[in-house]
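In: When you get a sec, could you give me coordinates for this:
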Amino acid sequence: MQEQSAHAEHVYTSTQRDSAAASSSVVASWRRCIAMHRLAPEENRSPLRLTDQEFGIAREEAELLIANASDELDRLFTTAGRAGCCLLLTDRNGIALERRGAAGDDKEFHDLGLWTGSVWTEASVGTNGIGTAIADERAVSIFRDQHFFCSNIKLSCTTAPIRDHRGQLAAALDVSTCRDDVNEMTLALLSQMVRDAAMRIEINLFRSAFAGSRFVMVSSGVNSSSALLAVDRHDLVLGATRAARLALKLDDRRIAAGLPATDALNETRLSDEEELAESERAALMRVLSRANGNVSQAAIALGISRATLHRKMKKLDLH
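Out: Numbering: from 1, shown residues only. Take a look at the predicted model:
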């Protein structure tokens, strides 16, 4: 009880100092909880829970997300689950859609509200990994007494946001634990695992949204593997992940206008005449490759005479 009182006092004292709120994302979140959500840190509160009907609707709306995240949740749980951790996948509203946890830990996590159907926003349960990651739209780790409510100060959690194919916030992936031997170094390692899994889910969502397209990796320094363009057969950009959008300064308007991948990547541009010739050369090379270099078969496939194909090959320097 004394520990909880001390925590509440610390929250109130910290949020009254402007310098603390400016330098700490945790204190900034505490301030939101008090000023925006009218919460009190001494409260003993569990997360809001949806009705079965509401939960069913939320899962139905997130069907694609769940399908693209399930394998990653299973993979992450094989490592984190053995360490006494609980995994939650939520939608952008903080609703826990999927959960992974060891049966022996179920009661403790259920009592804390780390269960499907619970709502882990800041408005529902104060500063926490999921709610604060959603509010700040960035990866967050909340270690024990960094939580807002006294009832959660034994909990440590680390969360990464998940973005959809347009780079918009779509979900959050969280790992939480109540183990006493977890320290900030352990939480940092878990945080990297969560961020990596969230990135792979984003890539899954992106590939699913643009199935049948070609995917081009953009060199963007850190996390280059998540910087992808979806390109159609005419070399026009159909979509870009958030990392690619940031690296290439792309937005929905530029993509919708019809942007050649060559232009987006700032590759050396040819003149219109050279580009036309290059396109024809590439088309002929593909046909010849499919015919294993047999000019007669390639000519038949193109519906032209062998002599005509030879002239084109000579013109385009393909002999």
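In: mind listing the strands for the stretch 1-150 of the chain?
Out: Taking DSSP state E, counting those that start in this stretch as the criterion, the stretch 1-150 of the chain carries its strands at 48-49, 85-91, 96-100, 118-119, 140-143.
In: which strands and helices sit next to the fourth one?
Out: Here strand 118-119 is seen to pack against strand 48-49 when contacts are counted using 3 or more Cβ pairs under 8 Å, 6 or more residues apart in numbering; DSSP states H and E. The way it works is simple: take the backbone N, C-alpha and C, and place the C-beta from them, glycine included.
In: do that again at 10 Å, thanks
Out: Packed against strand 118-119 by the contact rule (3 or more Cβ pairs under 10 Å, 6 or more residues apart in numbering; DSSP states H and E) you find strand 48-49, helix 52-61, strand 85-91, strand 96-100, helix 122-125, helix 129-136.
In: Show the average pLDDT along it.
Out: Averaging pLDDT along strand 118-119 yields 98.
In: Geometric centre of this structure: which residue is closest?
Out: The centre of the chain sits closest to residue 162, judged by Cα atoms, centre = their mean, with a distance of 2.6 Å.
In: returning to that earlier point: could you say which one of the helices and strands packed on strand 118-119 comes nearest to residue 107?
Out: Evaluated over the helices and strands packed on strand 118-119, closeness to residue 107 peaks at strand 85-91, with 11.6 Å, by Cβ to Cβ.
In: Paired strands for that closest one, with orientation please.
Out: Sheet pairing of strand 85-91 (DSSP bridges) gives strand 96-100 (antiparallel), strand 169-177 (antiparallel).
In: Run the chain-centre distance for it.
Out: From the chain centre to the centre of strand 85-91 is a distance of 14 Å (Cα atoms, centre = their mean, to the nearest Å).
In: go on, stretch 296-304?
Out: Centroid displacement of stretch 296-304 relative to its chain, using Cα atoms, centre = their mean, is 47 Å.
In: again with stretch 136-146
Out: Computed by Cα atoms, centre = their mean, the chain-centroid distance of stretch 136-146 equals 17 Å.
In: tell me the mean pLDDT over it?
Out: Regarding stretch 136-146, the rounded mean pLDDT is 96.
In: Now do the end-to-end distance for it.
Out: 16 Å (Cα to Cα, to the nearest Å).
In: Please identify the helix or strand for residue 263.
Out: Under the criterion of DSSP states H and E, residue 263 resides in helix 261-264.
In: how about the strands of the stretch 1-150 of the chain in TSV, adding mean neighbour count?
Out: As requested, the strands of the stretch 1-150 of the chain are exported to TSV (neighbours: other Cβ atoms under 10 Å):
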stretch	mean neighbour count
strand 48-49	16
strand 85-91	27
strand 96-100	21
strand 118-119	23
strand 140-143	24
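In: what about those strands, which gets the closest to residue 4?
Out: Of all the strands of the stretch 1-150 of the chain, strand 140-143 sits nearest to residue 4, with 16.8 Å by Cβ to Cβ.
In: now the helix or strand just after that closest one and helix 129-136, what's the angle there?
Out: Remark: after strand 140-143, the chain's next helix or strand is strand 156-163, criterion DSSP H and E. Put simply, strand 156-163 runs at 40 degrees to helix 129-136, going by axes from the mean of the first three to the mean of the last three Cα atoms, to 10 degrees.
In: now strand 156-163: mean pLDDT?
Out: In the prediction, strand 156-163 has an average pLDDT of 97.
In: same question, stretch 16-26
Out: Average pLDDT, stretch 16-26: 78.
In: Now do it: everything it contacts.
Out: 11, 13-15, 27-32, 34, 127, 132, 135-136, 138, 140-143, 145-148 (Cβ atoms under 10 Å, 6 or more residues apart in numbering).
In: are any of the residues you listed buried, and which?
Out: With burial judged by 16 or more other Cβ atoms under 10 Å, the buried subset of these is 11, 15, 27-32, 34, 127, 132, 135, 140-143, 145-148.
In: residues contacting the closest residue to residue 12 other than its chain neighbours?
Out: Distance criterion Cβ to Cβ, 6 or more residues apart in numbering; nearest residue to residue 12, sequence neighbours excluded, is residue 41 at 7.1 Å. By Cβ under 10 Å, 6+ apart, the residues touching residue 41 are 4-5, 7-12, 15, 30, 33-34, 126-127, 147-153.
In: From residue 10, how far off is residue 41?
Out: Distance, residue 41 to residue 10, by Cβ to Cβ, to the nearest Å: 8 Å.
In: so what's in contact with the two at the same time?
Out: Contact criterion Cβ under 10 Å, 6+ apart; residues shared by residue 41 and residue 10: residue 30.
In: where does residue 128 land on pLDDT?
Out: If you check residue 128, the pLDDT there is 97.
In: any idea how the chain splits into domains?
Out: As given by automatic domain parsing, the domain ranges for the chain are 43-207, 210-264, 272-315.
In: sorry, back to before: partners of the residue nearest to the centre of the chain in the sheet?
Out: In beta-bridge terms (that is, DSSP bridges), residue 162 pairs with residue 171.
In: Hmm, it is touching residue 130, no?
Out: No: counting by Cβ atoms under 10 Å, residue 162 stays clear of residue 130, with 11.4 Å between them.
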